[in-house]
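J.: Fold the following and give me the result.
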Amino acid sequence: MEAVEQLSFGIVAGLVIVALAFDFMNGFHDAANSIATVVSTRVLKPYQAVLIAAFFNFLAVFIFHLSVAATVGKGIIDQGIVDHYVVLGALTGAISWNIITWWYAIPSSSSHALIGGLVGAGVAKAGTWALVPAGILKTVAFIFISPLMGMLLGSCLFLLISWLFVRSTPSRVDRLFRRLQLFSSSLYSLGHGGNDAQKTVGIIWMLLIAGGYAGKDAPIPAWVVIACYVTIGLGTMFGGWRIVKTMGQRITKIRPVGGFCAELSGSITLFLATALGIPVSTTHTITGSIVGVGSTQSVSAVRWGLAGNIVWAWVLTIPCSAFIAGVSWWIAHILLG
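T.: This is a model prediction of the structure:
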């Protein structure tokens, strides 16, 4: 009996480590979202930007309620079917898709890769009845709502600022918004940490409940929350440099005023989604904001072909990570079952 308990603990501990590896990769992969505009406008050097972003990623632990963690932990698949194979399959699907998109410098969503992984592993084990429609529908809806909201807010902010500073010289506007970008990029990093770290909190919580280490109605252990926020901050600190150029300059050229508008509109979107407990993509949000700012300056300022390729990556993320997760669940069940 003691050996079984020890083995069970070993499995749970191993999967917690894999989940934290995903959390680290999430920060690494999504670092570009937080720092691309502030680096591309040369307001900060890359190493300065990642240190600030990592600090505000962690600071979010003291600000946001764990609503997103609750959605991921209990609102995507039925808690009753969760076991270590399901969690392993979900994490394998999410991590694999993250590596593929990082390698090709595609700014896809770590969040939706994790949701797709949960869906794929859950369906592989128990069929579609195991899915929780409400949680999945609001997550899928925000694939479209968050970039559109970011685009609309970014465009409106840019128009408002253009009107307010119509009589100011470009150099004066640049100097002012170079300072303000320090505020807006920090705010965006706060929103990024608040939404994204909670996704890993949710999956570890799900694992602890399934393994009998936490009650269904018990609060999330503090060590889980702290570990996830520290890990995503470390991932951001190392940074996903392959994606920074795509986000910061290849979609559209960004000046400090445009960077401020994009980051502030992205922050508002992330804060709202986190308050509602919706796991959104920080990648989708900031990309929509950047496109909104760029298209307000000139429709031709946006490289729509590249933006279209990014959208295709968004569409494919959930089904591809779900497929990988389903196959991973099947292989794990055969080899380890």
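
J.: For the helix or strand where Ile204 lies, which helices and strands make contact with it?
T.: Counting by DSSP states H and E, the element that carries Ile204 is helix 170-210. Applying 3 or more CB pairs under 8 Å, 6 or more residues apart in numbering; DSSP states H and E, one finds that helix 170-210 contacts helix 2-40, helix 46-59, helix 67-74, helix 84-103, helix 110-126, helix 222-238, helix 256-275, helix 282-297. C-beta coordinates here come from the backbone N, C-alpha and C atoms, glycine included.

J.: Compare the ones you listed and say which comes out lowest on pLDDT.
T.: Among the helices and strands packed on helix 170-210, helix 2-40 carries the lowest mean pLDDT, at a mean of 76.

J.: Report the angle between that one and helix 170-210.
T.: For helix 2-40 against helix 170-210, the angle by axes from the mean of the first three to the mean of the last three CA atoms, to 10 degrees is 170 degrees.

J.: Tell me what angle helix 2-40 forms with helix 84-103.
T.: Going by the same axes, to 10 degrees, helix 2-40 makes 20 degrees with helix 84-103.

J.: which parts of helix 2-40 are buried?
T.: 11-12, 15-16, 18-20, 22-40 (16 or more other CB atoms under 10 Å).

J.: Same check on stretch 149-157?
T.: 149-151, 153-155, 157.

J.: State the mean pLDDT of it.
T.: 93.

J.: How far off centre is that stretch?
T.: When distances are taken as CA atoms, centre = their mean, to the nearest Å, stretch 149-157 is centred 20 Å away from the chain's centroid.

J.: cool, stretch 77-96 as well?
T.: With CA atoms, centre = their mean, you get 18 Å for stretch 77-96.

J.: still on that earlier bit, just send the helices and strands packed on helix 170-210 back as JSON lines, with distance to Gln198 too.
T.: Output for those, formatted as JSON lines (distance: least, CB to CB, whole Å):
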{"stretch": "helix 2-40", "distance to Gln198": "10"}
{"stretch": "helix 46-59", "distance to Gln198": "12"}
{"stretch": "helix 67-74", "distance to Gln198": "4"}
{"stretch": "helix 84-103", "distance to Gln198": "15"}
{"stretch": "helix 110-126", "distance to Gln198": "10"}
{"stretch": "helix 222-238", "distance to Gln198": "7"}
{"stretch": "helix 256-275", "distance to Gln198": "8"}
{"stretch": "helix 282-297", "distance to Gln198": "12"}
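
J.: Now do the same contact list for Gly191.
T.: 60, 266-267, 269-271, 274, 282 (CB atoms under 8 Å, 6 or more residues apart in numbering).

J.: Tell me how many other residues crowd Leu272.
T.: 15 (other CB atoms under 10 Å).
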